[in-house]
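K.L.:
I would like the atomic coordinates for the input below:
(one chain, ligands or ions: 1)
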Amino acid sequence: MTTHVFHRTPERPAIATRARGIEITDAEGKTYIDSSGGAAVSCIGHGDPRVVEAIAKQAATVEYAHTGAFTSEPAEALAERLCRSTTLPLDKVFIVGSGSEAVETAVKMARGYHLARGDEGRHRVIARRQSYHGNTLGALARGGHVARRTPFLPMMPEALLVDPCFAYRHALPGETPEAYGLRAADSLEAEILRLGPDTVSAFLAETVVGATTGAVPPVPGYFRRIREICDRYGILMISDEVMCGVNRCGPFFAIEEDGAAPDIVTLGKGMGGGYQPIAAAMCTAAVHDAYSDAGRSFVNGHTYMAHPVACAAALAVQDVIRDDGLAARVAPMGEKLRQRLESRFGNHPNVGDIRGRGLFQAIEIVADRDDKTPFAASDGMAGRIFDACRDLGLLVYPGSGTVDGIRGDHLLVAPPYNVTEAQIDTIVARLGDGVDAGLAQVGR
Ligand code: PMP
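P.N.:
Predicted structure coming up:
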């Protein structure tokens, strides 16, 4: 069949024709368990009639009104809901259409904050070598996703990237997690001093790393130290929770568990649960008030920002999370998922690490479990296993990141918060078969 859609891959993917609950069916009639909601997007499952109704109602009321002249009822209600949902002192919400836009917004918001305070020299954003912050050139420039950056390197400003917090690969033998966390965080201070503190605007980091290395949580104390360093040099701390936020790890924002309150937080995927494209950057009153105290506007706009239908959908998704008690399910169901992964892969010779928080879990595939040797890029392990799982009727989110020259293959499992125990059993059983089938293709 010919196609006029410019697909990312040379082959046209399957056509999705129906999505309900945790399942997606294609045009051939094959049904898959969507165990990761794409890239951890689907948080309440597909096809919830309450969200569909909210979308239809808003589309029939005000489908669009430009933000130059109007706000909308769903945008106001959604922003209020988000501020109430987190225990962090975040007070204002800038609503956009994608995670990349949210990150662009966050780094511009930080720059505008310093300008409003007369700190004109502060423009640099420091991020980490193990990170993905989005696909637009500005967000890509701040990330450390080697494969996604490489084709566009000549088009981007130099990235200022410090050590990641990735204990599996970087903790020294005998080093405690706490000592490792402080060592990793202190690389930020060294970079600030190298650049000159008066030139640095913000530090940007995913709380639990998603796309580059797969559900890597920080070690205890790491983000507390990051907060101290940011405070010491007047630098804003931005937490990118586009993937790990909105209860994906349990608390509304994952960083709530780490004892450090960021100045700006981005959120995306779980905000609209896939029902509409929507994301946001939230900030403290102090960041916002710097603008209002100086009588300044935030020069940053997108045609479809705070789109009323998207806001209505996201509000309905947040209603479903609240009404169905889904946030409280994440920790216990995440624990069950983790236990099943441990019992299936805990002694697997090619699974080097099982990690994550809440319903955000991953396995890392290695050639040698004992010395953590990765597979060669040419083996394409993550992709192979993804394909094998898909043939078995399971969708997972594959990734292969390179940090400091060491590559890794991982598979992410991030089911909706209403996943059942029986579904978790099926997911892990199929993933186990998919991993073994992928490995068999390379003679393992
Ligand atoms: N930040 C993080 C942490 C992400 O995981 C992603 C998407 N994977 C983005 C930003 C970019 O979001 P989007 O693809 O919606 O632009």
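K.L.:
what's the spacing between the spatially closest residue to residue 208 that is not a sequence neighbour and the ligand?
P.N.:
Distances taken as C-beta to C-beta, 6 or more residues apart in numbering place residue 244 nearest to residue 208, at 4.0 Å, with adjacent residues excluded. In short, each C-beta sits where N, CA and C put it, glycine included. When distance is defined by C-beta to the nearest ligand atom, to the nearest Å, residue 244 is 7 Å away from the ligand.
K.L.:
the residue in the stretch 51-200 of the chain positioned nearest to the ligand: what's it in contact with?
P.N.:
The minimum distance from the stretch 51-200 of the chain to the ligand, using C-beta to the nearest ligand atom, falls at residue 99 (2.1 Å). Residue 99 is in contact with 134, 242, 243, 266, 268, 269, 279, counting by C-beta atoms under 8 Å, 6 or more residues apart in numbering.
K.L.:
same check, this time on residue 7
P.N.:
Residue 7 sits in contact with residue 13, where contact means C-beta under 8 Å, 6+ apart.
K.L.:
if you count contacts, what does the helix or strand hosting residue 424 end up packed against?
P.N.:
Here residue 424, judged by DSSP states H and E, is contained in helix 421-441. When contacts are defined as 3 or more C-beta pairs under 8 Å, 6 or more residues apart in numbering; DSSP states H and E, helix 421-441 sits against strand 31-34, helix 327-345, strand 360-365, helix 381-391, strand 394-395, strand 406-413.
K.L.:
now do it against helix 327-345, angle only.
P.N.:
40 degrees (axes from the mean of the first three to the mean of the last three C-alpha atoms, to 10 degrees).
K.L.:
only the buried residues of helix 421-441, if you could.
P.N.:
Within helix 421-441, the residues that qualify as buried are 423-424, 427-428, 430-435, 437-439, counting by 16 or more other C-beta atoms under 10 Å.
K.L.:
share the number of residues neighbouring the closest residue in space to residue 326 that isn't next to it in sequence, please.
P.N.:
Leaving aside its sequence neighbours, residue 326 sits nearest to residue 417 (C-beta to C-beta, 6+ apart; 3.9 Å). A total of 28 residues lie near residue 417 under the criterion other C-beta atoms under 10 Å.
K.L.:
quick check: closest non-adjacent residue to residue 373.
P.N.:
residue 367 (4.7 Å).
K.L.:
need the pLDDT of residue 10.
P.N.:
With respect to pLDDT, residue 10 has a value of 88.
K.L.:
mind showing which ranges of the chain have poor pLDDT?
P.N.:
Within the chain, the stretches with pLDDT under 70 are 1.
K.L.:
need the residues of it near the ligand, please.
P.N.:
Proximity of the chain to the ligand (C-beta under 6 Å from any ligand atom) is limited to residues 39, 98-100, 103, 132-135, 206, 210-211, 240, 242-243, 268, 279.
K.L.:
inside helices: which ones of these?
P.N.:
Under the assignment DSSP state H, the residues of the chain next to the ligand contribute 99, 100, 103 to helices.
K.L.:
can I get these in TSV including distance to residue 294?
P.N.:
Below are these laid out as TSV (distance: C-beta to C-beta, whole Å):
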residue	distance to residue 294
99	29
100	28
103	24
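K.L.:
residues near the closest residue in space to residue 235 that isn't next to it in sequence, how many?
P.N.:
Among residues not flanking residue 235 along the chain, residue 200 sits closest, at 5.1 Å (C-beta to C-beta, 6+ apart). Per other C-beta under 10 Å, the neighbour tally for residue 200 reads 26.
K.L.:
try residue 147
P.N.:
14.
K.L.:
now residue 419: which helix or strand?
P.N.:
Residue 419 belongs to no helix or strand, assigned by DSSP H and E.
K.L.:
contacting residues for it?
P.N.:
Contacts of residue 419 by C-beta under 8 Å, 6+ apart are 22, 333, 337, 359, 427.
K.L.:
for the closest residue to the ligand within the stretch 251-400 of the chain, give me its contacts.
P.N.:
Nearest to the ligand in the stretch 251-400 of the chain, going by C-beta to the nearest ligand atom, is residue 268, at a distance of 5.1 Å. Under the criterion of C-beta under 8 Å, 6+ apart, the neighbours of residue 268 are 98, 99, 102, 242, 243, 245, 278, 279, 280.
K.L.:
10 Å instead, please
P.N.:
39-41, 96-103, 134, 240-243, 245-246, 277-281 (C-beta atoms under 10 Å, 6 or more residues apart in numbering).
K.L.:
any chance of a ChimeraX selection covering the buried ones in those?
P.N.:
A single ChimeraX command selects the buried members of these (16+ other C-beta under 10 Å):
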select :39,40,41,96,97,98,99,100,101,102,103,134,240,241,242,243,245,246,277,278,279,280,281
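K.L.:
how close does residue 320 get to residue 59?
P.N.:
Separation of residue 320 from residue 59 (C-beta to C-beta, to the nearest Å): 19 Å.
K.L.:
have a look at these two and say which one is more surrounded.
P.N.:
More neighbours surround residue 320 than the other of residue 320 and residue 59, with 21 against 14 (other C-beta under 10 Å).
K.L.:
which SS class is that one?
P.N.:
Judged by DSSP: H, G, I helix; E, B strand; the rest coil, the three-state class of residue 320 is helix.
K.L.:
over to residue 114?
P.N.:
Classified using three-state DSSP, residue 114 is helix.
K.L.:
who touches it in this structure?
P.N.:
120, 121, 122, 123, 198, 200, 201, 202, 234, 235, 236, 290.
K.L.:
spatially nearest residue to the residue sitting nearest the centre point of the chain, not counting backbone neighbours?
P.N.:
Centroid-nearest residue in the chain, with C-alpha atoms, centre = their mean: residue 243, separated by 1.9 Å. Of all residues not flanking residue 243 in the chain, residue 210 sits nearest, at 3.7 Å (C-beta to C-beta, 6+ apart).
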